[in-house]
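Trainee: this one's sequence-less:
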């Protein structure tokens with residue numbers, strides 16, 4: 001009998017689906033829906049140095065000690081059209097990034113680390129844009145696949161991904177293909193566990209209680225990606241909620257901060273089956289930004305020297321700007337053809 005193959009990092013060769021056989025092991029305690037984990041772990045920087053930390057890398061919130069946190073960050077690509085309704089698991093994400101895809105629609109890259117919802121989906125395909133979105137997290141992507149040109153680039157970049165046939169993936173009987181692929185995230189994480197995991201670096205420069213500029217009043221904000229898609233947010237207590245989303249009831253993402261980055265969008269070099277050109281978001285370089293938090297909108301600039309670097313923010317006068325610790329939704333709005341509006 002051939003031993004099961006675990007996912008590995010592709011190195012400078014065409015990417016292929018990394019299939020993780022379903023393991024017969026028990027689901028470890030603290031997986032499903034647990035926001036606990038070994039807070040200390042170790043924090044690895046770009047230079048390989050390690051420092052003790054007690055916060056989650058995707059939220060900056062205090063981390064609970066004692067639970068098993070030996071799995072990597074898992075990024076699930078989730079459909080964001082009416083066909084995806086109801087989306088499952090978004091409420092358990094640490095951080096979400098929304099990106100433009102073909103036809104003017106958007107897709108979500110939902111980051112999971114501190115909590116693992118029982119079911120997440122519908123799981124859809126990767127884009128070359130994800131290379132910048134993953135940043136330096138060394139995340140494993142849960143995906144339905146990708147076009148070959150994207151797989152080639154994903155492989156050359158050394159990104160690890162898991163797909164249908166791997167542990168935790170299944171087709172839901174009450175959904176129509178291709179919107180029926182779902183992932184049982186605790187099972188996905190179990191198959192990816194390592195004896196000694198290293199805490200990933202912080203995705204953003206989080207601070208528990210940063211001193212923010214006053215900004216402008218913003219009880220709502222609308223991120224316009226195209227003529228066919230706008231994501232509208234409205235303040236609900238201390239958080240912001242999507243007004244026109246597709247999440248299941250009581251499973252929507254409550255954003256403490258909505259971070260809007262104006263980005264350049266190019267051509268990915270191929271078309272989808274319907275003949276639409278596939279866009280590629282360039283999450284590297286710099287551009288205008290808007291940080292919406294606590295009823296205020298703060299004008300800023302973002303910079304990111306390389307796709308695998310960390311996003312840095314500064315205020316209009318060049319002062320470093322930290323993101324309040326909490327759950328953040330990042331909108332990658334095209335600098336040309338997109339728009340942002342605030343409401344009071």
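Mentor: Ah, there it is. Nothing here was measured: the structure is a model prediction, and the numbers come from that model.
Trainee: Tell me which residues are up against stretch 208-221.
Mentor: 60, 232-235, 240, 243, 258, 260, 290-299, 315, 321-325, 340-344 (C-beta atoms under 8 Å, 6 or more residues apart in numbering). To be clear about C-beta, it is placed using only N, CA and C from the backbone, and glycine gets the same treatment.
Trainee: Please list all residues in contact with the closest residue to residue 178 other than its chain neighbours.
Mentor: Nearest non-adjacent residue to residue 178, counting by C-beta to C-beta, 6 or more residues apart in numbering: residue 144, 6.8 Å away. Residue 144 makes contacts with 77, 123, 124, 125, 163, 164, 178, 181, as judged by C-beta under 8 Å, 6+ apart.
Trainee: As CSV, those with secondary structure and neighbour count would be great.
Mentor: Output for the contacts of residue 144, formatted as CSV (DSSP: H, G, I helix; E, B strand; the rest coil; neighbours: other C-beta atoms under 10 Å):
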residue, secondary structure, neighbour count
77, strand, 27
123, strand, 24
124, coil, 24
125, coil, 20
163, coil, 22
164, strand, 16
178, coil, 15
181, strand, 23
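Trainee: got these as CSV, with distance to residue 266 columns?
Mentor: What follows is the contacts of residue 144, written out as CSV (distance: C-beta to C-beta, whole Å):
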residue, distance to residue 266
77, 20
123, 26
124, 21
125, 19
163, 26
164, 29
178, 26
181, 28
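Trainee: are any of the contacts of stretch 208-221 buried, and which?
Mentor: 60, 232-233, 235, 240, 258, 260, 290-294, 296-298, 315, 321-325, 340, 342 (16 or more other C-beta atoms under 10 Å).
Trainee: Of those, which belong to strands?
Mentor: 232-233, 235, 240, 258, 260, 290-293, 296-298, 315, 323-324, 340, 342 (DSSP state E).
Trainee: Residue 154 sits in which helix or strand?
Mentor: helix 148-156 (DSSP states H and E).
Trainee: who does that helix touch, helix- and strand-wise?
Mentor: Judged by 3 or more C-beta pairs under 8 Å, 6 or more residues apart in numbering; DSSP states H and E, helix 148-156 is in contact with helix 130-134, strand 257-271.
Trainee: Dump the ones you listed into a markdown table; add distance to residue 334 and mean pLDDT as well.
Mentor: Formatted as a markdown table, the helices and strands packed on helix 148-156 follow (distance: least, C-beta to C-beta, whole Å; pLDDT from 0 to 100):
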| stretch | distance to residue 334 | mean pLDDT |
| --- | --- | --- |
| helix 130-134 | 14 | 95 |
| strand 257-271 | 5 | 93 |
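Trainee: of all these, which lies closest to residue 190?
Mentor: Nearest of these to residue 190, taken as C-beta to C-beta: helix 130-134 at 21.6 Å.
Trainee: Partner strands of the helix or strand that that closest one is followed by, with direction?
Mentor: Next along the chain after helix 130-134, taking DSSP H and E as the criterion, comes strand 140-142. With DSSP bridges as the test, strand 140-142 is paired with strand 74-79 (parallel), strand 160-162 (parallel).
Trainee: what sits up against the longest one?
Mentor: Outside of strand 74-79, the residues that reach it under the criterion C-beta under 8 Å, 6+ apart are 84, 87, 89-90, 107-113, 116, 120-126, 130, 133-134, 137, 139-144, 179, 183, 185, 188-189, 192.
Trainee: Emit the PyMOL select command for whichever of those are buried.
Mentor: The PyMOL command for the buried members of these (criterion: 16+ other C-beta under 10 Å) is given here:
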select buried, resi 84+87+89+90+107+108+109+110+111+112+113+116+120+121+122+123+124+125+126+130+133+134+137+139+140+141+142+143+144+179+183+185+188+189+192
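Trainee: Name the helix or strand for residue 202, please.
Mentor: Using DSSP H and E, no helix or strand contains residue 202.
Trainee: residues touching it, list them.
Mentor: The contact partners of residue 202, taken as C-beta under 8 Å, 6+ apart, are 43, 55, 57, 58, 60, 310.
Trainee: what's the answer for residue 338, then?
Mentor: By C-beta under 8 Å, 6+ apart, residue 338 lies in contact with 100, 223, 224, 225, 226, 262.
Trainee: Kindly indicate which of these lies nearest residue 65.
Mentor: residue 223 (36.5 Å).
Trainee: distance of the closest one from residue 62?
Mentor: As judged by C-beta to C-beta, to the nearest Å, residue 223 and residue 62 stand 29 Å apart.
Trainee: Between these two, which is the more surrounded one?
Mentor: Between residue 223 and residue 62, residue 223 has the larger neighbour count (other C-beta atoms under 10 Å), namely 25 against 12.
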